[in-house]
Structure formats: structure tokens, C-alpha cells
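1. I would like to see how this sequence folds:
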Amino acid sequence: MRIVFMGTPDIAATCLRRLIDEKFEIAGVYTKPDKPKNRGMKLEMSDVKKVAVEAGLPVFQPTTFKDDAVVEELRALQPDVIAVVAYGKILPQRVLDIACLGCVNIHASVLPELRGSGPVQWAILNGMDETGVTAMFMSAEMDAGDIIEIRKTPIEPYENAQSLLDRLAQIGSELLCDTLRAVEAGTATRTPQEHDKATYAPMLTKELCPIDWTKSSRQIIDHVRGLDPWPVATTELDGTRFKIYEVRPADQKTDKTPGTLLALTKQGLQIAVGGGDVLTITVLQADGGKRMAAPDYFRGHPIKI
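-> Take a look at the predicted model:
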């Protein structure tokens with residue numbers, strides 16, 4: 001069975017690496033064009049391209065599928081199945097129709113919940129206790145195709161988006177292999193989604209970063225871990241802007257206004273939040289500085305409390 005793989009970030013790279021290790025026949029790999037990165041603006045390959053190049057697989061990086069020549073180039077690969085994992089491009093119907101056995105997608109949520117580009121982060125931001133990975137047949141509408149299989153997993157209370165994504169990538173890579181085998185054997189089932197229950201996970205932006213200290217301690221904890229590693233929660237403390245990477249509940253109450261700095265302890269910087277609770281900022285990064293444990297940073301940069 002000839003497979004064309006489409007994907008871009010690390011979760012897709014994990015899935016591609018698994019297909020390679022499992023000896024699937026990969027006719028070609030599609031990923032987004034190289035992007036300029038860092039101060040030197042040097043072009044950098046996607047995670048998927050790095051895996052594909054290392055494995056000696058043909059790589060294709062079209063900017064659009066509106067070009068007839070691009071569609072015919074894909075058709076010439078004669079894929080039986082197109083496997084898509086976080087590609088980052090909408091595939092038109094004429095592309096979906098190319099593979100004789102269909103197009104399958106691995107999506108990091110329990111569909112129809114959290115359709116869209118940021119399901120892992122929004123699962124945490126929304127305070128969910130469980131998420132998972134869905135394998136589905138693709139349709140023209142985003143993340144709305146018939147479900148093949150769902151595998152669920154609990155979200156740990158202090159797990160950040162990166163660690164959850166890493167776990168879901170492993171679950172997704174195994175699910176993708178099992179799905180492709182089922183498609184080849186003709187045993188893959190199709191269950192239509194309950195579209196009226198759909199929720200959405202929009203793309204993350206830096207506008208989400210500022211912490212609202214009037215919210216509950218649980219909401220703030222979820223905010224911080226949901227935005228780690230990008231775009232990262234932020235706040236201003238004593239006139240300095242910080243990225244906040246980790247906060248923990250302090251076992252005490254306060255009548256101080258949310259956002260008031262309370263004390264610097266061996267664990268970190270205590271701050272008043274909504275509902276009279278207290279949180280401890282344990283890991284942060286000042287603008288222009290490096291990520292540090294809060295007590296270590298404030299030992300060299302005293303703060304007014």
C-alpha cells in the first residue's frame with residue numbers, strides 16, 4: 001500500500017518516524033515550506049522534513065494546492081492512502097479524491113471536541129481532565145470527517161502542553177499505524193461525528209499571554225501550563241515583564257487584592273489571586289534573561305513586596 005504522508009510539526013514527525021520504523025511504503029512526504037527563524041532569519045526545515053530527509057524520502061513543499069501542476073504532481077505518486085497529521089493546510093476535495101482508499105487524519109482531541117489548530121493547548125486551557133487522539137477519514141470541512149477510532153488519556157493536573165503533546169504523539173503514531181493497516185484490510189469503521197456537539201480550538205496568539213490574577217487558582221494554573229512552551233503566559237512584576245512557566249498553589253488564604261505580591265519563599269514568589277487564594281510563581285524568565293527558578297532569580301534581583 002503506497003502512502004503519501006502530510007505533516008509539519010513534532011507530533012507529525014513522531015508519526016512519520018513510526019511509519020518508517022514499521023516499514024510502511026511511503027511514496028512521498030508533504031510538509032510546509034521552510035521558514036526563516038531566529039535573528040539570522042536562516043531558513044529552517046520543519047520537523048517532518050528533517051525526518052524525511054534523514055530517511056531519504058522524497059519531500060514536497062507546495063505553498064498551495066490551487067495550482068493544477070501541484071495536484072498532478074501528487075496524483076503521479078499514485079497513493080493508495082494519504083495520511084495527514086497536523087499538516088497546517090486545508091486540502092481541497094480534488095486532493096482528497098486522489099487516494100483510492102481515502103485520506104486519513106490523526107487529530108489530537110476527542111472529536112467532535114476541539115476541532116482546529118490548537119487542540120492540545122485548549123484542552124488544558126479549558127480545564128479538561130481527559131483528552132485523546134482521533135483517527136478519521138477526512139472531509140472537505142475541517143476535522144469533521146467520519147471517525148475511525150478514538151484513544152483517550154487523562155490529563156495530569158500539572159502537565160503542560162508540551163508534555164501532553166509528547167504523550168499524544170506516541171498514542172497518535174501507534175493509532176496511525178493501526179488505522180492504515182485497517183484501511184488496507186478493509187476493516188476500518190466509519191462513525192459520523194455528532195456535529196452539533198462540536199467545539200473549537202483556534203490558533204494560539206500572544207494576545208492570550210497576560211495572566212488575569214483575578215481568576216481562580218485553578219484557572220491560572222491551567223493558563224500557564226496550557227501556553228507552555230508557546231506563546232507562554234506573561235505578567236509584569238515590579239515594573240519588569242516576565243514569562244511565567246510554572247505556578248503552584250500555596251496552602252493559605254489572603255484578603256489582599258489579586259495581583260498583590262505577598263512574600264518570597266524558598267519555593268518562589270507568592271501572589272494573591274481570585275477567591276482569596278494564593279499562588280506561588282516557581283519558574284519564570286525576565287525579558288532578555290533566561291528561564292530560572294524564581295527564588296534563584298530574585299536572590300540576584302531583589303523585588304519590592
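
2. residues near residue 216, how many?
-> Look at residue 216: counted by other C-beta atoms under 10 Å, it has 14 neighbours. Using the backbone N, CA and C atoms, a C-beta is placed for each residue, glycine as well.

3. same question, residue 12
-> The local packing of residue 12 (other C-beta under 10 Å) involves 29 other residues.

4. what's the neighbour count on the residue nearest to it when sequence neighbours are not counted?
-> Once flanking residues are discounted, residue 12 sits nearest to residue 85: 4.0 Å by C-beta to C-beta, 6 or more residues apart in numbering. As a burial measure, residue 85 scores 27 neighbours (other C-beta under 10 Å).

5. which residues of the stretch 1-150 of the chain fall in helices?
-> Using DSSP state H, counting those that start in this stretch, the helices of the stretch 1-150 of the chain run over 10-21, 47-55, 68-76, 93-96, 119-125.

6. just name the most buried of those helices.
-> When you average the neighbours per residue for each of the helices of the stretch 1-150 of the chain (mean count of other C-beta atoms under 10 Å), helix 119-125 leads with a mean of 24.

7. longest strand of the protein?
-> strand 240-253 (DSSP state E).

8. just list what that one packs against, helices and strands only.
-> On a contact count with 3 or more C-beta pairs under 8 Å, 6 or more residues apart in numbering; DSSP states H and E, strand 240-253 meets helix 217-226, strand 233-237, strand 277-286.

9. of these, which is nearest residue 70?
-> Counting by C-beta to C-beta, residue 70 lies closest to helix 217-226 out of those; the figure is 35.6 Å.

10. got the contact list for the nearest residue to residue 276 once chain neighbours are set aside?
-> Among residues not flanking residue 276 along the chain, residue 253 sits closest, at 4.8 Å (C-beta to C-beta, 6+ apart). With contacts defined as C-beta atoms under 8 Å, 6 or more residues apart in numbering, the neighbours of residue 253 are 276-278.

11. residues near residue 205, how many?
-> For residue 205, the count of nearby residues is 9 (other C-beta under 10 Å).

12. next up, the contacts around it.
-> Residue 205 sits next to residue 231 when contact means C-beta under 8 Å, 6+ apart.

13. next up, phi/psi of it, please.
-> With angles defined as degrees, to the nearest 10, residue 205 sits at phi -140, psi 160.

14. and the pLDDT for the one residue sitting closest to the centre of the chain?
-> The residue lying closest to the centre of the chain (C-alpha atoms, centre = their mean) is residue 120, at 4.7 Å. pLDDT for residue 120: 98.
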